[in-house]
Structures are given as structure tokens and as C-alpha cells.
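*Asks:* Could you look at this predicted model? Sequence included:
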Amino acid sequence: MKPPTAASVYLLTVLLSLAGAGAVAMAAAATDGPPATYLVFVDPTPPGVPCMKYHLGILSAALGSEEKAKAAIIYNYKNVINGFSARVTPSELEAIKKQPQVNRVLPSATLHLMSSNFDGVS
């Protein structure tokens, strides 16, 4: 049997490196967790900038593209608070929290009234 050539050793090294990188990426994606919905409170919208555009800009910067931001955003809030709700993975959530315009992020929750009887009033 003849010894391997330098080219075949190099090719084998490259293939093993690519396989390892793919396995690491798959493991990272698997541990990222399922997406969840969050409320993101942000700084006031600058004058003259539409609310939706401002929120998409923040989310696009965190997620890496406007297409991902449009797919993730659920609702824009602009009257009482300034912010948006979005469905994101834990790693995307961490990227959103790092944006300078973001003040607070809370998980979305639905609260249910325990009783409709308040001091005898139905």
C-alpha cells in the first residue's frame, strides 16, 4: 500500500473540519430552544420616523435582516408605550437586549380574571 499524498491528507483535514463545524452549528441550533413571544420596550420613536419602520430597524439590527424581523414581529405599540411584540428564540432575544434603543424585555403573558364578583357587583 502506498503512503497518502499531501493533497489527500489536506483534503481529508478540510473535510473533517467542515464536518466538525457543521456538527457544532447543529448542536448550537438544537440548544437554542423554541421561539417564544416577548414584549420589547424601546426608546421613543424619533420625530418624523414611522413607528413601524423604527421598530423594524431595531429588530433587523438584532436578527440580521429585515425579512427575519418582519417574520418575527407580531404587533407594534405606540400610544401608551413604545415597543413591539415579537416571537424569537433565546439567542435572538439576547441580541435584541443588546440593542441600545431597547429599555426592557418581558415575556408575553395572558392573565385571566379569577372572579367577576367585585364587592357584590357582578
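*Replies:* Okay, I see it. From a predicted model like this one, the values you see are computed outputs, not experimental measurements. Residues are numbered from 1 along each chain as shown.
*Asks:* residues near the nearest residue to residue 43 once chain neighbours are set aside, how many?
*Replies:* Leaving out its chain neighbours, the residue that sits closest to residue 43 by C-beta to C-beta, 6 or more residues apart in numbering is residue 101, at 4.7 Å. (Each C-beta comes from the backbone N, C-alpha and C, glycine too.) By the measure other C-beta atoms under 10 Å, the count of residues near residue 101 is 18.
*Asks:* Please enumerate the helices of this protein.
*Replies:* 6-32, 51-63, 66-72, 90-97 (DSSP state H).
*Asks:* now the second one, how far from the centre of its chain.
*Replies:* Okay, so that is helix 51-63. Remark: helix 51-63 is offset 12 Å from the chain centroid, using C-alpha atoms, centre = their mean, to the nearest Å.
*Asks:* Give me the distance between the residue nearest to the spatial centre of the chain and residue 57.
*Replies:* In the chain, the residue lying closest to the centroid (C-alpha atoms, centre = their mean) is residue 92, at 2.7 Å. Residue 92 sits 16 Å away from residue 57, taking C-beta to C-beta, to the nearest Å as the criterion.
*Asks:* Flag the shaky bits of the protein, pLDDT-wise.
*Replies:* 1-31, 118-122 (pLDDT under 70).
*Asks:* so the residue nearest to the centre of the chain touches residue 62, yeah?
*Replies:* Yes: counting by C-beta atoms under 8 Å, residue 92 does reach residue 62; the two are 6.7 Å apart.
*Asks:* Pull up the overlap in contacts between those two.
*Replies:* By C-beta atoms under 8 Å, 6 or more residues apart in numbering, residue 92 and residue 62 have no common neighbours.
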